[in-house]
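Asks: 3D, please:
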Amino acid sequence: MPARQALADIQHLLTHVLQAPSRWQALPPFADTDGELAAQVLDEAAKFVDNAVAPLQRMGDEEGCRFDAGQVHTPAGFRDAYQAFWQAGWPSLSCAPEDGGQGLPAVLECVLFEWLAGANHGWTMAPGLLHGAYECIKHHASDALKAQYLEKIATGEWLATMCLTEAHAGSDLGLVRTRGVPQPDGSARVNGSKIFISGGEHDLTDNIVHLVLARLPDAPAGPKGLSLFLVPKVLPDGKRNAVVCERIEEKMGLHGSPTCVMRFDDATGWLVGEPNKGLNAMFVMMNAARLHVGLQGIGLLEAAWQKASAYAAERRQMRAPGAADTSLIQDHPAIRRILHTQRAWIDGGRVLAYHTALQLDVAKHHLDAGERAAAQRWCALVTPVLKAALTDQGFHGASACLQVFGGHGYVREWGIEQIVRDARVAMIYEGTNEIQAIDLLVRKVLADGGQGLTALLASLPGPTPSPAAGARRHALIEITQTLAIAAQSEPELPYWVADDYLRAVALVLLDWAWGQIRAASQGERGSEPTGSSERGNEPAHNPERWSAPAQALTQWVLPEFDMRAAILRQRIAQSLEIKTKLAAIA
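Replies: Numbering: from 1, shown residues only. Got it, this is the predicted structure:
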């Protein structure tokens, strides 16, 4: 995915749609970061992605990682690209200056990692957890651990992993058996095995910092008995720790990223945070990771769309309706529908993800407590929606883009099949999309009877919604309220409908995002374009650029809301009917 091809669109969304520079400049740490500086950062980031990372995409897939007696060798060029990446300061964009970072707004880092995922998802898995590990160590580790590890993680000189999953446990962290036994010197001896560890062993950096969930000897059962330990590959004295990579997985995609089975044999580690509160510390890392995974969905879908759009502009097949001769396939309505529909998800998804990144900084740095609380509410409710909906669309939308190629899409030559394979796993890791839906509905929305979601919908910024958009918001609130009532008598109900509910929320938010895009386009009619997209030199904030995907949103995307609402209402009605019958019998 040429990042520079998306640059003008993204700058338009940040500057004209979200007014991001004025929003982050209202926060003390970013008061001196103007739009011009941000544009320069993104321009250089796009050059790095296009020149250093994207060319390794196909090679990384075909060569893959090689396992040799506990050591992992990444594909040719991967280490050099990563060394250039951290030495140029890219991992540290949003880290605090006192920790070796550049102190820039989080949204700039989000754009960078969206591009990286689209350019080379396998390579990007390596630095993908850095920011979450940085936040985890910064907020929960001891001063001694921070002095030893924080700057190395902030700058990306050392990479990090998140070691949660065990073979017998899967997503049920309450079943974790790995143990950490405290030692007299303040360290711990960690023993156990973990699976599906991205980047558990590699040759990209000289050290790897593992953040490992384990149990202390006297820990209670279940998730409340988990503690978090920092376990480095190389100890401070330079000796190799007792951390062993047993093998790497043979996967459907992401061949350039080693997914490892890791064993800790009396490995030396140190407690991060309080005993038995490891999940509290780990969730700082996981929530940051979930936003980045949502951005992976956007980046991969953009990459697939770029390939399909370019192919459709070159390939001739049959005659489009009304044409006198053989037509470009981009002129056929079926192809236009595919391309415009995916464009609607990309553009709207970007607005949602970038707005969420801006809210992350508001939650940390705004001087007003009410603004911080509102921003935190947005992030808590919307992050699982972004992770699930955008990765789902990343995979299914990439598959739709493959359809544009016909049979050519199914062979390696065009590169689209790799994107489809690489995109699939994003629906699984960092909590499967089904778990995200349960997290949203059961743990967040119904926990307060839907009040938080109602407040979020009522406070969405921007112009007054259209009658159709207003009706969808009202319907979602009504469904939420009745669902909260029905769930009291049928506790299983939310678990049955969580996926439908999350999808309905995603569509309402996507509609809001496009409302922001439309408002910006209407406000600029007649203005002189100041930027251009490399797609045919089309002005990025020319209203015509956005009209086709906006129409696709209305015609092909938003009607799904009515289907999801009908499913939810029908299931709620069944539950309430059963409740009434039981009450009559009683």
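
Asks: can you pull out the strands in the stretch 101-250 of the chain?
Replies: Secondary structure of the stretch 101-250 of the chain (DSSP state E, counting those that start in this stretch): strands located at 159-163, 179-182, 188-198, 208-215, 226-232, 243-248.

Asks: Measure how far the first one is from the centre of its chain, please.
Replies: It stands for strand 159-163. Between the centre of strand 159-163 and the centre of its host chain there is 17 Å, according to CA atoms, centre = their mean, to the nearest Å.

Asks: where does this structure have low pLDDT?
Replies: Counting by pLDDT under 70, the chain contains low-confidence residues at 1, 285, 287, 524-543, 578-579, 581-583, 586.

Asks: let's see it at 50
Replies: Screening the chain residue by residue with the criterion pLDDT under 50, one finds the ranges 525-537.

Asks: OK, contacts around the closest residue to Ala221 other than its chain neighbours?
Replies: Distances taken as CB to CB, 6 or more residues apart in numbering place Gly174 nearest to Ala221, at 7.4 Å, with adjacent residues excluded. C-beta: built from backbone N, CA, C; applies to glycine. Contacts for Gly174 were tallied using CB atoms under 8 Å, 6 or more residues apart in numbering; they are 221-223.

Asks: again with Ala308
Replies: Residues touching Ala308, when contacts are defined by CB under 8 Å, 6+ apart, comprise 338-339, 342, 401-402, 404-405, 416.

Asks: try Ala374
Replies: Ala374 makes contacts with Ser459, as judged by CB under 8 Å, 6+ apart.

Asks: Quick one: distance of whichever strand or helix holds it to the chain centre.
Replies: Under DSSP states H and E, the secondary-structure element containing Ala374 is helix 369-404. Chain-centre distance of helix 369-404: 7 Å, with CA atoms, centre = their mean.

Asks: What is the subsequent helix or strand relative to that helix?
Replies: helix 416-424.

Asks: Show me what the helix or strand following that following helix is packed up against.
Replies: Past helix 416-424, heading to the C-terminal end, the next element that is a helix or strand (DSSP H and E) is helix 433-438. If you count contacts as 3 or more CB pairs under 8 Å, 6 or more residues apart in numbering; DSSP states H and E, helix 433-438 packs onto helix 369-404, helix 493-523.

Asks: Can I get those in a markdown table including distance to Tyr82?
Replies: Written out in a markdown table, the entries for the helices and strands packed on helix 433-438 read as follows (distance: least, CB to CB, whole Å):
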| stretch | distance to Tyr82 |
| --- | --- |
| helix 369-404 | 24 |
| helix 493-523 | 33 |
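
Asks: For Gln317, find the nearest of those.
Replies: Comparing the helices and strands packed on helix 433-438 by their distance to Gln317 (CB to CB), the top pick is helix 369-404, with 10.6 Å.

Asks: doesn't Glu109 make contact with Leu42?
Replies: No. Counting by CB atoms under 8 Å, Leu42 stays clear of Glu109, with 10.8 Å between them.

Asks: Those two: which has the busier surroundings?
Replies: In terms of neighbours (other CB atoms under 10 Å), Glu109 is the more surrounded of Leu42 and Glu109; the figures are 26 against 20.

Asks: need the contact list for that one.
Replies: Applying CB under 8 Å, 6+ apart as the definition, the contact partners of Glu109 turn out to be 93-94, 131, 357.
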